[in-house]
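Student: What shape does this take:
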Amino acid sequence: MSARLEQINLSYNTNEDRLLLKVRNSSGEEYRLWMTRRFTGLLWQVVGRIIRETDWEIDLDGITNPEEVLAFEHQRAVHDGDFKTPYDDKSAASYPLGEDGVLGFRISYENGENGVMLNLTPEDGQGIRLGLDRRMLHNLCKLVADAVRGAGWNLELGKLGEAGEDTGPRVIN
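Tutor: Residues are numbered from 1 along each chain as shown. Below you'll find the predicted structure:
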């Protein structure tokens, strides 16, 4: 995806029991990727790791405790994010991954000058490449946390970068 990111939407689909990530760019392309519960937990860990381990220039406002810095930064990014504008489902001119989307299988990332290139791909074929700065990474975390809560998956995401915990019942055969 080389055009400028315009909108991201993440919603739970009860029929699929999956989250659907929709990303629309300035060229009118909409990329759709289905996220399983497991993939979502892995995405949370990866994005958290990026935020915790990447050396970014941040105005700390006198805060020195790393956990407080992260919480402050997250709160500020979410406050400044636009979560009120509804996702524009009607303006997509094309669907490079198909209107049905693809199933997320692999997550990777590369550090760049202006942020991180996050790659969400199916087992085979093209996926989504998201160029995200630190603020957008925090906003993605909010979208994931809200969608997981709405899905009722009993997936405890925990702190950014830590493994999520399954709080649901387990059956062992």
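
Student: pLDDT weak spots in the chain?
Tutor: The chain contains residues with pLDDT under 70 at 1-2, 54-83, 87, 159-173.

Student: could you show me where the strands are in it, in order?
Tutor: 5-13, 18-25, 30-35, 102-103, 106-112, 115-121, 128-132, 155-156, 165-166 (DSSP state E).

Student: pretty sure residue 4 is touching residue 25, no?
Tutor: Yes: with contact defined as C-beta atoms under 8 Å, residue 4 reaches residue 25; the gap is 6.2 Å. C-beta here means a position set from N, CA and C on the backbone, and glycine is covered the same way.

Student: in stretch 135-145, what counts as buried?
Tutor: 135, 136, 137, 138, 139, 140, 141, 143, 144 (16 or more other C-beta atoms under 10 Å).

Student: I should have written stretch 19-36 there, sorry.
Tutor: 19-25, 29-36.

Student: Tell me the one of the residues you listed nearest residue 122?
Tutor: Distances from residue 122 to the buried residues of stretch 19-36, taken as C-beta to C-beta, are shortest for residue 33 (7.7 Å).

Student: now that closest one: how far from residue 140?
Tutor: Separation of residue 33 from residue 140 (C-beta to C-beta, to the nearest Å): 13 Å.

Student: What of residue 110?
Tutor: 16 Å.

Student: that older thread, would you mind giving the strands of the chain as CSV with distance to residue 89 added?
Tutor: Below are those laid out as CSV (distance: least, C-beta to C-beta, whole Å):
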stretch, distance to residue 89
strand 5-13, 8
strand 18-25, 8
strand 30-35, 8
strand 102-103, 18
strand 106-112, 25
strand 115-121, 20
strand 128-132, 17
strand 155-156, 26
strand 165-166, 32
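
Student: Tell me how many other residues surround residue 127.
Tutor: 23 (other C-beta atoms under 10 Å).

Student: for residue 37, that is, sorry about that
Tutor: Neighbours around residue 37, by other C-beta under 10 Å: 18.

Student: what sits against residue 127?
Tutor: Counting by C-beta atoms under 8 Å, 6 or more residues apart in numbering, residue 127 touches 31, 33, 97, 102, 104, 106, 119, 120, 121.

Student: got a list of what residue 125 touches?
Tutor: Counting by C-beta under 8 Å, 6+ apart, residue 125 has contacts residue 102.

Student: at 10 Å what do you get?
Tutor: Residue 125 makes contact with 97, 98, 102, 105, according to C-beta atoms under 10 Å, 6 or more residues apart in numbering.
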